[in-house]
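>>> Okay, here's the prediction I keep looking at, along with the sequence it came from:
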Amino acid sequence: MRKRRRSHAHHLRKRNPRNLRRLVRRRTRVQERNHRLGRDLEILPGAPQSLIQFKSELWVWRSDSGSGWHFITLPEAARDAVKSEIEGIPRKGFGSVKVRVTIGKSTFETSLFPAKEYGSYLLPVKATVRKANSLYAGDEVKVALEPL
């Protein structure tokens, strides 16, 4: 009788169970979230994640020294979409969320910051982005963002 051949993984496990981890493909953050939510979808490498689009007003927060920072407050629907995208994914710091943002002809990576006083997330908009797209405080801005 012929001896049954064992898989390569079996031999690695027999020698050292920790070696088995090298053979198992790790899930991406999106795949991990979908697995936890019971939505085991095959995400192809490089495939776009959820794109969240909205329009909101650009506004300025002024400090006591007179300098200011420009922000966009996410509307309720966009806030809820971001929350569902990041559900179950551990976050660093004080709840900031890394995102890729497209405003006009500018695409950049930044972080959304939770703001309890606004009940939403704040999206900081740098001066280079404002200048490239001729944006000023009070302008209605079309935003597309993708949680990373």
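All right, it came through fine.

>>> mind listing what's buried in the longest helix seen in the chain?
The longest helix of the chain (DSSP state H) is helix 76-86. Along helix 76-86, these residues count as buried under the neighbour rule (16 or more other C-beta atoms under 10 Å): 78, 79, 81, 82, 85, 86. C-betas here are computed from N, CA, C, even on glycine.

>>> Show me the two of these that sit farthest apart.
Pairwise distances across the buried residues of helix 76-86 (C-beta to C-beta) peak at 12.7 Å, for the pair 78 and 86.

>>> tell me the domain ranges of this structure?
According to the domain assignment given by automatic domain parsing, the chain is divided into the following structural domains: 1-44, 52-147.

>>> Pick out the shakiest of these, pLDDT-wise.
When the domains of the chain are compared on average pLDDT, domain 1-44 comes out lowest at a mean of 54.

>>> So which residues of this protein form strands?
In order along the chain, the chain carries the following strands (DSSP state E): 52-62, 68-73, 97-103, 106-115, 120-124, 140-147.

>>> Pull the contacting residues for residue 117.
If a contact means C-beta atoms under 8 Å, 6 or more residues apart in numbering, then residue 117 has no contacts.

>>> From residue 140, how far out is it?
22 Å (C-beta to C-beta, to the nearest Å).

>>> next one: residue 108
For residue 108, the distance to residue 140 equals 20 Å [C-beta to C-beta].

>>> of the two, who's got more company?
Shown here are residue 108 and residue 140; by other C-beta atoms under 10 Å, residue 108 has more neighbours (13 against 10).

>>> how close does that one get to residue 80?
In this view, residue 108 and residue 80 are 23 Å apart by C-beta to C-beta.

>>> ok, now residue 134?
When C-beta to C-beta is applied, the distance between residue 134 and residue 80 equals 30 Å.

>>> With residue 132 instead?
As judged by C-beta to C-beta, residue 132 and residue 80 stand 29 Å apart.

>>> got it, and residue 119?
The span separating residue 119 from residue 80 equals 11 Å under the rule C-beta to C-beta.

>>> cool, and residue 100?
19 Å.

>>> cool, and residue 103?
Taken as C-beta to C-beta, the spacing of residue 103 relative to residue 80 amounts to 21 Å.
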